[in-house]
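> Pasted the sequence and its predicted model underneath.
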Amino acid sequence: MPKLKTNSGAKKRFKVTATGKIKRAKGWKSHLLESKSPKRKRALRKAAYVSDSDAKRFARLLPYS
């Protein structure tokens, strides 16, 4: 069977944890930050996990993780 290509966009944006969950960054942090509260902006810095229903789709983009 041929080797599979890893999706370039996905490898820059997602990491797979030791337990197999897919870690991602939160969005809404790039502009229009004056109107957002400091508490909200601090919360957006923290990483999140891809939902279980979407995990299978993202795992296909990262075949060797």
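Thanks, I have it.
> mind checking the longest helix of this protein?
helix 52-61 (DSSP state H).
> okay, it in CSV with CA atoms only?
Output in CSV follows, covering the C-alpha atoms of helix 52-61 (Å, rounded to 0.1, in the frame of the first residue of the first chain):
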residue,chain,number,x,y,z
ASP,A,52,-15.6,13.4,19.5
SER,A,53,-18.0,13.7,16.6
ASP,A,54,-15.4,15.5,14.5
ALA,A,55,-12.3,13.6,15.7
LYS,A,56,-12.6,10.9,13.0
ARG,A,57,-12.5,13.5,10.2
PHE,A,58,-9.4,15.2,11.6
ALA,A,59,-7.6,11.9,12.3
ARG,A,60,-7.9,11.1,8.6
LEU,A,61,-5.9,14.3,7.8
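> I'd like to check what contacts that helix. Which residues are they?
Helix 52-61 is contacted by residues Thr6, Asn7, Gly9, Ala10, Phe14, Lys21, Ile22, Val50, Ser65 when judged by CB atoms under 8 Å, 6 or more residues apart in numbering. Using the backbone N, CA and C atoms, a C-beta is placed for each residue, glycine as well.
> How many residues are close by Ile22?
A count of nearby residues for Ile22, using other CB atoms under 10 Å, gives 24.
> hmm, back to that, filter the contacts of helix 52-61 to the buried ones?
Buried by 16 or more other CB atoms under 10 Å: Ala10, Phe14, Ile22, Val50, out of the contacts of helix 52-61.
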